[in-house]
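>>> A predicted structure for the sequence below; I have some questions about it.
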Amino acid sequence: MPEICTPTLRLTYLLLALAALTGFVGCGRHAPAAPSQDQPQVPESAPRVVAGLPTKRTLRLVTSQPARIEAMEETPVVARVPGYVEQVLVDIGDRVSKDQILAKIAVPELRDDRDQKQALVVQADAELKQANVAVIGAKAAAQTAQTRVALAEAGVVRAKGSFERWTSKYDRIKKLAATDAVDALLVDETLNELRAAEGANGESLATVESARAALHEATIEVQRAETAVAVTDARLRVARAALARVDTMLAYASVKSPYAGVVVQRRIATGHYVGPDDPATTSALFVVCRSDTMRVFVEVPELLADYVDVGDMATIHVQALPNRTFQSRVVRTTWSLDPVNRSLRAEIDLPNENGALRPGMFAAATIVLEERPDATTLPAAAVARDGADHYCWTVDDASQLARQKIKLGLRVENDVEVSGLEPGRAVVLSSIDGLKEGQIVNAVAAEIR
């Protein structure tokens, strides 16, 4: 009597077939293994589907786009002062260092102006010294006036004491004369002395007022001298500022490179008139570009723009340098999309110490946008959508279909990262249209590459 094969044994046969097939080298779908004579047959009317296990693999989303190489910086060098070109010291293709003189402009009127400003500085400096001497003299005069005030005030004290002494003496003698103790002549003499003391007292008071007035005048003179010093000092600073401005403008007569780089354009020759007011040279006398680092511009399509991040690794292939490959990372993006071509601009900086890269070169950039190691994947044909949800069909040990809700992750070509699947469950890999929950199917094993 033949052995009866249960649904569990049928699933075992299916998984063994899957395991055997995964050992083959190649890709695509494989024909199912020959069924065992003991394996029960699925009804002939059952739909035939290809089934297999999800695959673990590294998903790497990349984009390869045309790119262009430009200089990190490109600067037009203009003339800041009007004049005639005296010397042209560089030509196109010359490598220059920072602040290297590219050309010299003859500006004799500025040199004459500088001589005048220098003379004004010397004059103002001399006037300041003179004003400082005047301050010293005024302060000395004020000190003398202060001393005279002190002497006059001391004279007032002496005169007042003499006046009070003679007043007291006169009062005593006047009383004695009333008793005929002294004669009238002594009274008159004492009165005269009293009047002289009174006059001296008044004179000393007047001397004090005069000394104080002289002191006040000397103090005003000191203030006037100090004000003259401040005015002269301000005039000196103005003269020095004017001289500094002329020196600055004269420095512009030497046209210098803003940084180390290469002269890519020269638009002047010896004898040309140049200056800010000359339309022919307002744009630039030279154009200098940095050559130590180049900037690579890559336009990433809108559908991949969300994956571009600063730090993404990029590989650059330059058409003119077929034997060289350059690697760097994305250093900046525009964040917003170009409204014309709906793309996101990403920029990659490439070191260029040997000068192999040049502005205007055409290149191709391959950017690794996303990488998921050991991701669980299914073919895109195995995934269906129901509104906002995604699902796939699984086959159980009874060859019965079950609808399994899944979440999608990264998609690279025909491989989709999925989550939510039960481990070890076989999944219908293609031809999923028309399948129903609980339906019995004839599962054919296939390898997922």
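Everything's here; your move.
>>> hey, let's count contacts and neighbours off CA atoms from now on
Fine.
>>> and residue 68, how far is that from residue 296?
Noted for residue 68: a distance of 6 Å to residue 296, by CA to CA, to the nearest Å.
>>> Compare these two (neighbour count), which wins?
More crowded of residue 68 and residue 296, by other CA atoms under 10 Å: residue 296, with 26 against 17.
>>> these two touch, right, the more buried one and residue 349?
Yes. Between residue 296 and residue 349 there is a contact under CA atoms under 8 Å: 6.2 Å.
>>> ok, which stretches of the stretch 101-250 of the chain are strands?
Here the stretch 101-250 of the chain has its strands, by DSSP state E, counting those that start in this stretch, at 101-106.
>>> what residue ranges in it score low on pLDDT?
Along the stretch 101-250 of the chain, segments meeting pLDDT under 70 span 180-182, 184, 187.
>>> Do I have it right that residue 405 meets residue 394?
No. The pair residue 405 and residue 394 does not pass the contact test of CA under 8 Å, sitting 10.2 Å apart.
>>> Comparing the two, which shows the higher neighbour count?
Counted by other CA under 10 Å, residue 405 and residue 394 do not tie: residue 394 has more neighbours, with 23 against 17.
>>> Leaving aside the residues adjacent along the chain, what's closest to that one?
In space, and not counting its chain neighbours, residue 394 is closest to residue 427: 4.3 Å by CA to CA, 6 or more residues apart in numbering.
>>> Going by contacts, tell me the helices and strands next to the strand or helix carrying the one you found.
Taking DSSP states H and E as the definition, one finds residue 427 inside strand 426-428. Applying 3 or more CA pairs under 8 Å, 6 or more residues apart in numbering; DSSP states H and E, we find strand 426-428 packed against strand 48-52, strand 389-395.
>>> Quick one: mean pLDDT over that strand.
For strand 426-428, mean pLDDT rounds to 93.
>>> What is the subsequent helix or strand relative to it?
Sequence order places strand 442-445 as the next helix or strand after strand 426-428, per DSSP H and E.
>>> May I see the buried residues of that next one?
442, 443, 444, 445 (16 or more other CA atoms under 10 Å).
>>> Show me which of the residues you listed is closest to residue 223.
residue 445 (110.6 Å; CA to CA).
>>> is that closest one in a bridge, and if so with what?
residue 51 (DSSP bridges).
>>> ok so, going back, adjacent strands (with direction) for the strand holding residue 427?
Within its sheet, strand 426-428 is paired with strand 48-52 (antiparallel), strand 389-395 (antiparallel), according to DSSP bridges.
>>> So which residues lie in contact with it, not counting its own?
49-54, 382, 392-396, 443 (CA atoms under 8 Å, 6 or more residues apart in numbering).
>>> switch to 10 Å and redo it
Applying CA atoms under 10 Å, 6 or more residues apart in numbering, the external contacts of strand 426-428 come out as 11, 14-15, 18, 49-54, 378-379, 381-383, 392-397, 399, 401-404, 421, 435, 441, 443-446.
>>> Please indicate which of these are buried?
Buried among those by 16+ other CA under 10 Å: 11, 14-15, 18, 49-54, 378-379, 381-383, 392-397, 399, 401-402, 421, 435, 441, 443-446.
>>> Mind listing the residues bridging to the spatially most central residue of the chain?
Central residue of the chain (CA atoms, centre = their mean): residue 332, 13.8 Å from the mean position. Beta bridges link residue 332 to residue 347 when assigned by DSSP bridges.
>>> That one and residue 351, how far apart?
Computed as CA to CA, the residue 332 to residue 351 distance reads 16 Å.
>>> same deal with residue 420?
Residue 420 is 45 Å from residue 351, by CA to CA.
>>> Tell me which of the two has more neighbours.
Between residue 420 and residue 351, counted using other CA under 10 Å, the more crowded position is residue 351 (16 against 12).
>>> give me the number of residues near the nearest residue to the more buried one once chain neighbours are set aside?
Leaving aside its chain neighbours, residue 351 sits nearest to residue 293 (4.5 Å; criterion: CA to CA, 6+ apart). When neighbours are defined as other CA under 10 Å, residue 293 has 19 of them.
>>> what does the one 4 residues further on give?
Here the count is done by other CA under 10 Å, and residue 297 has 22 residues near it.
>>> again, but for residue 179
The number of residues near residue 179, taken as other CA under 10 Å, comes to 10.
>>> Quick check: it vs residue 192, distance?
21 Å.
>>> For the strands paired with strand 426-428, which has the smallest mean pLDDT value?
It's strand 48-52: among these, that one has the lowest mean pLDDT, namely a mean of 90.
>>> For that one, C-alpha coordinates in PDB please.
Only the C-alpha atoms of strand 48-52 are listed here, as PDB (Å, rounded to 0.1, in the frame of the first residue of the first chain):
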ATOM      1  CA  ARG A  48       0.400  27.700 -11.500                       C
ATOM      2  CA  VAL A  49       2.600  30.200  -9.700                       C
ATOM      3  CA  VAL A  50       6.300  30.700  -9.200                       C
ATOM      4  CA  ALA A  51       7.200  30.900  -5.500                       C
ATOM      5  CA  GLY A  52      10.400  31.300  -3.500                       C
END
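>>> so how far is that strand off the chain centroid?
How far strand 48-52 lies from its chain's middle: 59 Å, per CA atoms, centre = their mean, to the nearest Å.
>>> do the same with stretch 311-329
Relative to its chain's centre, stretch 311-329 lies at 28 Å (CA atoms, centre = their mean).
>>> ok, residues contacting that stretch?
Outside of stretch 311-329, the residues within contact range by CA under 10 Å, 6+ apart are 62-69, 296, 309-310, 330-332, 347-351, 356-357, 361-370.
>>> close enough to count as contact, residue 188 and residue 169?
No. Judged on CA atoms under 10 Å, residue 188 makes no contact with residue 169 at a distance of 11.9 Å.
>>> shared neighbours of the two, which are they?
residue 194.
>>> Need the overlap of contacts for residue 405 and residue 394.
Residues touching both residue 405 and residue 394 (CA under 10 Å, 6+ apart): residue 421.
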